[in-house]
Every structure is written in C-alpha cells, then in structure tokens.
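Enquirer: Could you work out the structure for the sequence below:
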Amino acid sequence: MHNTFSGILGLIVPLFLAATIATAAPSAKTAEDRYIAARDAAIEKISAIYDTGNADDAARKAEDAASADLAAQMRAILNEPARDGFGPAKLNIDTFSKGDEGFGTLDGLRFDARLGKNGETAGPNGADGKYVEPKAHIIVTSQTLFERWLRAHKEWWGNNVKNVPQQIGAALKDESFYTQAASSGAAVVNFNSLPIAKPAEATFVHGMLAGRTQSDIPNAADTVFVSAIANGKVYVAYGSIDPKVQVPACIAIRASYDKKAEQAEDDLRFEKIDRKAYDKLGNLRQKGEDVYKRCFAQNAPKQASFAEATRQAQRLLSAAMGR
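Expert: As a prediction, the model looks like this:
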C-alpha cells in the first residue's frame, strides 16, 4: 500500500508542479505580448494618419492616447520604483510614425533627470526660454522585451551598414545599439570602455566613454553610457560628464591629416597633381579619424578626466539600478 501511494504521489507532484508553472509562467509573457500588439497597432494607425499629409491634431491625439496606454502597460510589466533626482517614468517611445527620426527606440520606461548639466531645471522652461536637456536618462526594460527589440533591429539599417549585434552583451557594448535605442538625432561614437565595478546582483555591466555626432568624430568625449543585466531586467543609462575627456596630442594628429587632405584637394583643383596621384593618397580625412581614435583609446585612460568620467559613470549605474 505504501509503495502504491508513493507511486501515485510521485505522479501527482510533477503534474501539479507542471500545471503551476504552466499557469504562472505565461502571465508576464502575455502582458508583454499585449504590449507589443498594442504598440504595433498604434504604429500602423498613427503612421497611416501622418501619411494623409494633413493630420496634426488627429495624430497628436492618437499619439498621446497610445503613449498613455502603453506607458501604463509598461509600468505594470516592470514595476519599477522612482529614482531620486529623476522625474516620473515615461515610455521610451517618442514617436509612432515610421517616417520620423527617432522611430524604433528601445521599448521600456525612461526616467529623465530633473536638472540639466549646468544645474538648471530640465525641460522647456530654461532661463533663456529654451529647452534644457536633462543631464542624464535611465531606461529600464525586461530582458525578454530587449531580445524582441534586438530581433526586430537585426537589419534596421539595411545590408550596407553595420547593424546592432544580436547577442545582448555584444549589443550593450556597441555604439550602434545606443544610437538606435535612445532618441537623440545624432550617432553615438564609442571612444573607450570604462572600468566600472559590477554590482553583486548584476550578471553583466558595461561602461562606455562616448560622444555624439552628426558628421565628424568630436574632439572630446562628453557622455558616458552604462548598462547592466540583473534579475531579468536590462538597465541602460547615459548622461553628460564634466569635465569632458580630450587628448590635445590626438587632436593635433587629426588636424595634420585634415591639413594634408585640404592641400591635396587644392593641388588637384589647380592641376598640381592628377586624379591618379590624388586617388593614391587615399581618404586622408578618414585616415586621420582612424589614427585619432586609436590615439585617444591609448592615451585617454592616462587623463585625470578619464578617472572622473569613470566615477560619474559608476554613480549613474547605481542610480539606474535603483541602488
């Protein structure tokens, strides 16, 4: 009798556990599925409104309604607390129109710093009447939503441009991810990794010294990006730093290449050299940028400003993880 009961019990317990897992596990996933479905429906609806060419009020109302609904869903999915020094969580999607710059940012909640980099109140009420950019931003999402986003961005920029890597760790170390994930209107340039410490609860952290550009690589790194994976969530934060990190010797090297490029262009224009000789020189400006980045990567860690940037990145990571 004992053996029979033990056998039945041995069958019942695994079945009970399986049933419990089956009923409990899909809840978070279902919430994310609902969010994705609602987001995609909003994108189709609002993009169609904009396509009519005369839809300012209608599109704005539709965007406001979609943002409010999706933000509420995202808050329920992530259950994230407020961050000291940061405003209330808002949806990290700024536009639902496929044709807009900044379309396709990372799904998640975003916390914007209450102050600008000079200590003034962030937002549209700056002392000079202009918008004051928050000093820092924190984005939080779930690991599963992050993975969905990566798959959707596998070929976001087409086949002729490097797209975001498909592994989470590799993506969080790559400048293409930060360019796509956070709306800014400028490309992110990765100058150096930062040696930040990994909190005990994190399985992955990365710090990056960076700048932004719409054309040439900047002469100084003025931004830090930090990221972490912990407890099924991904934390991404970025903010301006003071002082900027720059290496005058590296700037001088690039300037010398630019001067050679200008001289070569003048020589070609005034027929001092022919096209064959000019082409043989190669892209001198690109060579200068490449040499500049290598020089910066080697010499920036020796600067006192680099150590300060690392400290600021570490504090930003702590704020991002709510520590």
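
Enquirer: for stretch 248-255, what is the average pLDDT?
Expert: On average, the pLDDT along stretch 248-255 is 96.

Enquirer: So which other helices or strands are in contact with the strand of greatest length in the chain?
Expert: For the chain, the longest strand by residue count, based on DSSP state E, is strand 233-245. Helices and strands touching strand 233-245, by 3 or more C-beta pairs under 8 Å, 6 or more residues apart in numbering; DSSP states H and E, are strand 136-142, helix 143-152, helix 168-172, helix 175-181, strand 221-230, helix 304-320. Every residue, glycine included, has its C-beta placed from N, CA and C.

Enquirer: in it, what's buried?
Expert: Neighbour-count burial for strand 233-245 flags 233, 234, 235, 236, 237, 238, 239, 240, 241, 245 (criterion: 16 or more other C-beta atoms under 10 Å).

Enquirer: What strands flank that strand, and is each parallel or antiparallel?
Expert: Strand 233-245 has the following strand partners under DSSP bridges: strand 136-142 (antiparallel), strand 221-230 (antiparallel).

Enquirer: For residue 175, grab the count of nearby residues.
Expert: Residue 175 has 19 neighbours, counted by other C-beta atoms under 10 Å.

Enquirer: Look up how far residue 222 lies from it.
Expert: According to C-beta to C-beta, to the nearest Å, residue 175 stands 15 Å off from residue 222.

Enquirer: Same question for residue 31.
Expert: Distance, residue 31 to residue 222, by C-beta to C-beta: 38 Å.

Enquirer: more crowded one of the two?
Expert: A count of neighbours by other C-beta under 10 Å puts residue 222 above the other of residue 31 and residue 222, at 20 against 16.

Enquirer: picking up where we left off before, and the longest strand of the chain with helix 304-320, angle?
Expert: With axes from the mean of the first three to the mean of the last three C-alpha atoms, to 10 degrees applied, the angle from strand 233-245 to helix 304-320 works out at 150 degrees.

Enquirer: List the buried residues for whatever helix or strand comes next after strand 233-245?
Expert: Reading on from strand 233-245 to the C-terminus, the next helix or strand found by DSSP states H and E is helix 248-269. If you call a residue buried by 16+ other C-beta under 10 Å, then helix 248-269 has these buried ones: 250, 253, 254, 257, 258, 261, 264, 268.

Enquirer: do stretch 298-315 as well
Expert: Buried residues in stretch 298-315 (16+ other C-beta under 10 Å): 300, 301, 303, 305, 306, 309, 310, 312, 313, 314.
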